[in-house]
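A.B. asks: sequence? don't have it. structure:
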């Protein structure tokens, strides 16, 4: 029995393009983001993958990415579950600010610490540790049982909610996770063992030039 789990970060959003901290704000995908999502679905289909259930966040950039991927795979009728637990990390007071402007205001080191440290949140927001505290219980209680039952599972979510998952799946530390970037629209394909650890992982690159 194959235990398939595919993670996909949403396609480029309007705020990604403008280099704005997004968090729980809810911008649309750009045209490029739509094409990234469609290409991810096409590529998965070409490689012979399919899904029985999909999970996504309460934010429309992830929801639309999920829908576009499934549309390209002719799987629009499968169960799709939305949950706030998979939302992007909340950037608090940084939400809506341009990243370059934030660096000018607080300095490169402080902004880098807020963005990449494991347990230091931006003002009024969540750290990756805080994000993991809602993502991981949802994964363990709701997503993982579906995978272990032999269902083929897609999770279309966000850079930091997926970083929290990848940290556990790949056995990364609070230090090594700091350097991990998850590209928009590039599926991460996991096959799990019977003990829920990772048997194999593949990164499905496709033909869109990536400059996230």
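C.D. replies: Cool, the structure landed. Note that this is a predicted model, so its numbers are computed, not measured. Numbers count the residues shown, from 1 in each chain.
A.B. asks: buried ones in the host helix or strand of residue 35?
C.D. replies: Element membership for residue 35 (DSSP states H and E) is helix 31-46. Using 16 or more other Cβ atoms under 10 Å as the test for burial, helix 31-46 gives 32-41, 43-44. Every C-beta, even on glycine, is put in place using the N, C-alpha and C of the backbone.
A.B. asks: and the two most separated of the residues you listed?
C.D. replies: The span of those, defined through Cβ to Cβ, is set by 32 and 44 at 18.7 Å.
A.B. asks: ok so, going back, which strands and helices lie in contact with the helix or strand following the helix holding residue 35?
C.D. replies: Sequence-wise, the next helix or strand downstream of helix 31-46 (DSSP H and E) is strand 53-56. In terms of contacts (3 or more Cβ pairs under 8 Å, 6 or more residues apart in numbering; DSSP states H and E), strand 53-56 is packed against helix 60-72, strand 79-82, strand 153-157.
A.B. asks: Please identify the most buried of those.
C.D. replies: strand 153-157 (a mean of 28; mean count of other Cβ atoms under 10 Å).
A.B. asks: quick one: that strand to helix 31-46, angle?
C.D. replies: 170 degrees (axes from the mean of the first three to the mean of the last three Cα atoms, to 10 degrees).
A.B. asks: which residues of this protein fall in helices?
C.D. replies: Taking DSSP state H as the test, the helices found in the chain are 14-17, 31-46, 60-72, 99-106, 108-116, 128-138, 144-148, 159-169.
A.B. asks: That'll do, ta.
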